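*Asks:* what follows is a predicted protein model with its sequence.
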Amino acid sequence: MMPRSSSRENWIGLLSFGFFIMLFALFFVIVPDYGNKVLDFFKSFQLEEILNNIRILPYPTGSHPEIYQAAMQFCLVFGLFQFFVLALRCYVKSSITKISETISNIVLWLGASYVFNLLLTEGTSWWVNFIGGIIAVLGFSLIARSLIILMFWRRKP
C-alpha cells in the first residue's frame, strides 16, 4: 500500500500536468488560426551560419509575433499556476525534493516568459540571444532546485 503523502504528491503532479494540457489546448481555441500560425512558424526555419560556413543553428525567417506572444503568455500563466502547486505541496507536507522541483518550475516558466517577452519586443534579430536566454533560465532553474535541497538537507545520524 502506498503512503498517503506519496499519493497526494502524485495527485498534485497529475493536477499540474492536467492544467498544462488544458492550457496548451486553450491557446488553440482562443487564438484565431493558431494551428496554421504554428505550422508557418516551423516551416520558416532555416539553418543560420555561425562560424566559417558552418550552418548549425535553426533560425526562423519572418516575423511571428503571435507565436512569441502566445508562448510568453503560456509560460506566464503556467508559471503563476506553479505558485498554487507550491502552496498545495506545502499544505500536504510534500518532500523537500518535490517542493524544490516546484520552485524550480516557477523559475523555469516565469524566466521563459521573460525571455519570450524579450524576443517579442526585440524581434528575430534577437534569436541567438533568445537561445542563450533559454539556456540561462534552465541553468537558473537547476541552481534554484539544488539550493533549496541543500538548504533543507538533513543528514541522518
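*Replies:* Structure received. Numbers count the residues shown, from 1 in each chain.
*Asks:* how much space between the spatially most central residue of the chain and Gly62?
*Replies:* Geometric centre of the chain, nearest residue: Trp109, 3.7 Å, by CA atoms, centre = their mean. Remark: distance between Trp109 and Gly62 (CB to CB, to the nearest Å) = 27 Å. From N, CA and C alone the C-beta is placed, and that goes for glycine too.
*Asks:* returning to that earlier point: what residues are up against the residue nearest to the centre of the chain?
*Replies:* For Trp109, the contacting residues are Cys75, Leu76, Phe78, Gly79, Gln82, by CB atoms under 8 Å, 6 or more residues apart in numbering.
*Asks:* surely the third one is in contact with Met22?
*Replies:* No - with contact taken as CB atoms under 8 Å, Phe78 and Met22 are classed as non-touching, separated by 10.4 Å.
*Asks:* comparing those two, which residue is more hemmed in?
*Replies:* Ranked by neighbour count (other CB atoms under 10 Å), Phe78 and Met22 place Phe78 first, with 22 against 9.
*Asks:* ok, that one - contacts?
*Replies:* Phe19, Phe20, Leu23, Trp109.
*Asks:* find the nearest non-adjacent residue to the last one, please.
*Replies:* Translated: Trp109. Counting by CB to CB, 6 or more residues apart in numbering, Trp109 lies nearest to Gly79, which is 3.2 Å off, once chain neighbours are set aside.
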